[in-house]
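Asker: the following block contains a protein sequence and its predicted model.
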Amino acid sequence: MTQSVFIQNPSVLTALPSSPGGHPQQLARNSGRALDLDWVDEIRINLSAAERRVASLPGRRTVKKDAQAAWLLKAITCIDLTTLNGDDTTERVKRLCAKAKAPVRGDLLERLGFAGRELHTGAVCVYHRFVRTAVEALAGSGIPVAAVSTGFPAGLIPHELKLKEIEASVRDGAKEIDIVITREHVLTGDWRTLYAEVQDFRAVCDNAHLKTILATGDLKTLRNVAKASMVCMMAGADFIKTSTGKEGVNATLPVTLAMLRMIRVYQERTGFKIGFKPAGGISTAKDVLNYQFLMKEELGRDWLEPDLFRIGASSLLADIERQLEHHVTGHYSAFNRHPVG
Ligand SMILES: O=C[C@H](O)COP(=O)(O)O
């Protein structure tokens, strides 16, 4: 799961938030570890402190002009370009894949000094039914296909069927599997069962990377979010992900802060770097910059790269492209000029 943006324009180059054209990070994959309930029981989260911490971000951190363009180009490389709708079709998935391969109009890239350089999204994320279509459409691009499996979005189908769905997605060529956890295990504090569930998912993923969706909007408290994060990482998650996009409340900055702090603790204790994926409702360039700032402040530059940071989004790319157009032309275009993504 490694890609890099290659930057040509010198002013954009200096503004890029992480190594331009740099080498992919060599990450040791999280092997998981035995469940240690002390690591779970000791977790405390101060909600008002978390809210204060993230509320200060927009006023404190800002990037403009070339710097903003550079951060937004980097964000594109981290997008899991997503379609997860009941009316998805093969043609829609093919169009999405075409957009993932060429996320920004050629004339804009030229004016940004990017012409001819590699730029694509982090992945394309679809339901299992469309994995094969996406794999074929993305062949040779290096863009992985992520499948939402395990009875997405509620995750209430039988456990054995969840395992079969993961196996089928892997067989069809998915390189990343976004699973939903059973929220009841969190709401009842049944950490052993949650751990066993995620361990089983990880085992059938084989070499595909496992992103565990917590559905944080269903988990009631930040403490539950933090505890579930820790259990999923101990069970072998490669990424922890906030939401399906279908809960009443999806990705938020306070939830992100709680999850990032757990990633930090897990790394301090085990040495493994776990990725983070906010998803659901992230639709503007302004939103995504705040997530990037928080990632950098909490975990450092490594977490601005697509092997440790993904943004699950269906419409964000359109706004980013619009902002890039404004950057190079001074004008905003209508959203319908950026129809996909
Ligand atoms: O995982 C990705 C989400 O389902 C996308 O949510 P969104 O449509 O609000 O961008």
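Answerer: Arrived safely.
Asker: going forward, measure contacts and count neighbours with C-alpha atoms only.
Answerer: Noted.
Asker: report all helices and strands that the helix or strand encompassing residue 254 contacts.
Answerer: Assigned by DSSP states H and E, residue 254 belongs to helix 253-270. Packing contacts for helix 253-270, counted by 3 or more Cα pairs under 8 Å, 6 or more residues apart in numbering; DSSP states H and E, involve helix 47-55, helix 222-234, helix 285-299.
Asker: do I have it right that residue 316 meets residue 283?
Answerer: Yes - taking contacts as Cα atoms under 8 Å, residue 316 lies within contact range of residue 283: 4.0 Å.
Asker: residue ranges with poor pLDDT in the chain?
Answerer: Residue ranges of the chain with pLDDT under 70: 1-24, 335, 337-341.
Asker: which bits of it sit near the ligand?
Answerer: Contact residues (Cα under 6 Å from any ligand atom) of the chain with the ligand: 82, 244, 245, 279, 280, 281, 282, 312, 313, 314, 315.
Asker: coming back round to it: and the helix holding residue 254, what's buried?
Answerer: Neighbour-count burial for helix 253-270 flags 253-264, 266-267 (criterion: 16 or more other Cα atoms under 10 Å).
Asker: now swap in stretch 63-78 and tell me
Answerer: 66-78.
Asker: reformat these as JSON lines; add secondary structure.
Answerer: JSON lines is the format used below for those (DSSP: H, G, I helix; E, B strand; the rest coil):
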{"residue": "66", "secondary structure": "helix"}
{"residue": "67", "secondary structure": "helix"}
{"residue": "68", "secondary structure": "helix"}
{"residue": "69", "secondary structure": "helix"}
{"residue": "70", "secondary structure": "helix"}
{"residue": "71", "secondary structure": "helix"}
{"residue": "72", "secondary structure": "helix"}
{"residue": "73", "secondary structure": "helix"}
{"residue": "74", "secondary structure": "helix"}
{"residue": "75", "secondary structure": "helix"}
{"residue": "76", "secondary structure": "helix"}
{"residue": "77", "secondary structure": "helix"}
{"residue": "78", "secondary structure": "coil"}
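Asker: of the residues you listed, closest to the ligand?
Answerer: residue 78 (12.5 Å; Cα to the nearest ligand atom).
Asker: let me know the closest of the buried residues of stretch 63-78 to residue 35.
Answerer: residue 78 (30.3 Å; Cα to Cα).
Asker: pull the contacting residues for that closest one.
Answerer: Going by Cα atoms under 8 Å, 6 or more residues apart in numbering, residue 78 touches 121, 122, 123, 304, 305, 306, 309, 310, 311.
Asker: roughly how far apart are residue 244 and residue 85?
Answerer: 12 Å (Cα to Cα, to the nearest Å).
Asker: those two - which one has more neighbours?
Answerer: More crowded of residue 244 and residue 85, by other Cα atoms under 10 Å: residue 244, with 26 against 9.
Asker: tell me which element that one is part of?
Answerer: With DSSP H and E as criterion, residue 244 is part of no helix or strand.
Asker: tell me the contacts of it?
Answerer: 152, 153, 180, 213, 215, 250, 279, 280.
Asker: go on, residue 292?
Answerer: Counted by Cα under 8 Å, 6+ apart, residue 292 has contacts 75, 304.
Asker: if we use 10 Å, what do you get?
Answerer: 17, 71, 72, 74, 75, 298, 301, 303, 304, 309, 311 (Cα atoms under 10 Å, 6 or more residues apart in numbering).
Asker: do the same with residue 103
Answerer: 73, 76-77, 81, 96-97, 109, 119-121, 317-318, 320-321, 338, 340-341 are the contacts of residue 103 under Cα under 10 Å, 6+ apart.
Asker: then residue 231?
Answerer: Contacts for residue 231 (Cα under 10 Å, 6+ apart) come out as 32-37, 39-40, 186, 191-192, 194-196, 198-199, 237.
Asker: likewise for residue 308?
Answerer: 1-2, 25, 27, 78, 238-240, 273-277, 295, 301-302.
Asker: with residue 82 instead?
Answerer: The contact partners of residue 82, by Cα under 10 Å, 6+ apart, come to 93, 96-97, 100, 123-127, 146-147, 279, 311-316, 341.
Asker: again with residue 195
Answerer: Residue 195 touches 34, 35, 181, 185, 228, 230, 231, 232, 233, 234, 235, 236, counting by Cα under 10 Å, 6+ apart.
Asker: lovely, talk soon.
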